[in-house]
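Asker: Need the 3D shape of this:
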Amino acid sequence: MKLTINEIRQMQGLPLDLKIKKSQLRIREFYNHFDGDVIVAFSGGKDSTVMLDLVRKLYPDVPAIFNDTGLEYPEVREFVKTIDNVITVKPEMNFKKVLETYGYPVVSKTTANQLRALQKRKYCIDNNLPVTNEKTCNMYLSGYTSKGVKMKGHSIPEKWKYLVDAPFKISEQCCNIMKKNPAHKYCKKHNLHSYVGTMACDSEQRKMVYARLGCNSYKGNINSRPLSFWMQKDIWDYIHKYQLPYSKIYDMGYRNTGCMFCMFGAHMSKPNRFQIMEHTHPQLYKYCMEKLGLKDILHYMKIPYHGLPIKLEKFL
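Answerer: All right, here's what the predicted structure looks like:
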């Protein structure tokens, strides 16, 4: 199944009631395909909360799986405890060790992946070691393959190229190690297939996945994404329409939850999670800035990390 940009926009523009019906259809198809051997990926955030509600209105006994990474806001962890039939899994490596071993998550997953490859290339050159990813790195720098083919979205943005020389390692691996791997390991062991509450509006990468695969994929990375054509407004409209309980973290100034100490997108939010965290969770803020070294990373990237540009109350 392949969707055009116009078709995606048409789907995103549908009224909520019709989106709910279409999502329910995708949920049923996936459930029936795997004879009920399914599970809901549940982070405790608003999107997965809606996802879980949609699934359980059809199939009340479907379990949920929660990744206890140690990076969840306390309010999210408390909310997860209120939900029945939630299986908890944990990563084999803590976040501090991940940072030391692989590097810091900055800018975005795609850019961090590119920077990781380019930093590896630089290390090899500086130490007279063979470079094994030369063609890939050249594409990341120029946007062209070795055959001169332009690859849209495959070149690192000009403004982030200076990070190749940063005095710290950069990587996108934390999400795989902390979240995806423990869940995949559990699901593989128990032959379960996941519903995931991601949306095309979340990122360009997720839009491309939806355009290529639609909501349900049955080969390769098997999962169901029935909210793919929803927008953020739809999530809140659904929550209010059905008076669905949600984590109070959203009433404290946070638009998104995710991992507390993740720096993906910190350059785009005003204020960003760290500026808000300084006021809402001062001890956690102090820990990530000083013990994890995020203060130095954000300072190097010229990203604000303390002080609110305007009163926090305007975001509540």
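
Asker: got the contact list for residue 185?
Answerer: For residue 185, the contact set (Cβ atoms under 8 Å, 6 or more residues apart in numbering) comprises residue 89. In this view, the C-beta of every residue, glycine as well, is placed from N, C-alpha and C.

Asker: oh, I was asking about residue 31
Answerer: So residue 31 contacts 38, 58, 59, 62 (Cβ under 8 Å, 6+ apart).

Asker: Could I get the full set of helices for the stretch 201-316 of the chain?
Answerer: Along the stretch 201-316 of the chain, counting by DSSP state H, counting those that start in this stretch, helices occupy 204-213, 232-241, 273-280, 282-286, 294-300.

Asker: Kindly compare burial across those helices and name the winner.
Answerer: Neighbour counts (mean count of other Cβ atoms under 10 Å) averaged over each of these peak at helix 273-280, with a mean of 21.

Asker: Quick one: distance of that one to the chain centre.
Answerer: Computed by Cα atoms, centre = their mean, to the nearest Å, the chain-centroid distance of helix 273-280 equals 20 Å.

Asker: got the CA positions of that helix in CSV?
Answerer: What follows is helix 273-280, C-alpha atoms only, in CSV (Å, rounded to 0.1, in the frame of the first residue of the first chain):
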residue,chain,number,x,y,z
ARG,A,273,11.5,20.4,28.4
PHE,A,274,14.6,21.3,30.3
GLN,A,275,13.5,24.9,30.9
ILE,A,276,10.2,23.6,32.2
MET,A,277,11.8,20.8,34.2
GLU,A,278,13.9,23.3,36.1
HIS,A,279,10.7,24.6,37.7
THR,A,280,8.6,21.4,37.9
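
Asker: Tell me the spacing between residue 280 and residue 253.
Answerer: Here residue 280 is placed at a distance of 7 Å from residue 253 (Cβ to Cβ, to the nearest Å).

Asker: right, and residue 241 touches residue 15 too?
Answerer: No - here residue 241 does not reach residue 15: they are 11.7 Å apart, not a contact under Cβ atoms under 8 Å.

Asker: Which neighbours do the two have in common?
Answerer: Common neighbours of residue 241 and residue 15 (Cβ under 8 Å, 6+ apart) do not exist.

Asker: one step back: is it possible to mark the buried ones in the contacts of residue 31?
Answerer: When the contacts of residue 31 are checked for burial by 16 or more other Cβ atoms under 10 Å, the buried set is 38, 62.

Asker: What is the neighbour count of residue 287?
Answerer: Using other Cβ atoms under 10 Å, residue 287 is surrounded by 15 other residues.

Asker: Mind pulling the model confidence for it?
Answerer: On pLDDT, residue 287 comes in at 97.

Asker: residue furthest from the geometric center of this structure?
Answerer: Within the chain, residue 128 marks the point farthest from the mean C-alpha position, 36.3 Å out by Cα atoms, centre = their mean.

Asker: so it sits in a strand?
Answerer: No - using DSSP: H, G, I helix; E, B strand; the rest coil, the assignment for residue 128 is coil, not a strand.

Asker: a markdown table for the helices of the stretch 201-316 of the chain, including distance to residue 248?
Answerer: Shown next, in a markdown table, are those (distance: least, Cβ to Cβ, whole Å):
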| stretch | distance to residue 248 |
| --- | --- |
| helix 204-213 | 26 |
| helix 232-241 | 13 |
| helix 273-280 | 11 |
| helix 282-286 | 16 |
| helix 294-300 | 24 |
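
Asker: Looking at the ones you listed, spot the one closest to residue 34.
Answerer: Nearest to residue 34, of all those, is helix 204-213, at 16.3 Å by Cβ to Cβ.

Asker: what residues are up against residue 166?
Answerer: Applying Cβ under 8 Å, 6+ apart to residue 166 gives the contacts 119, 300.
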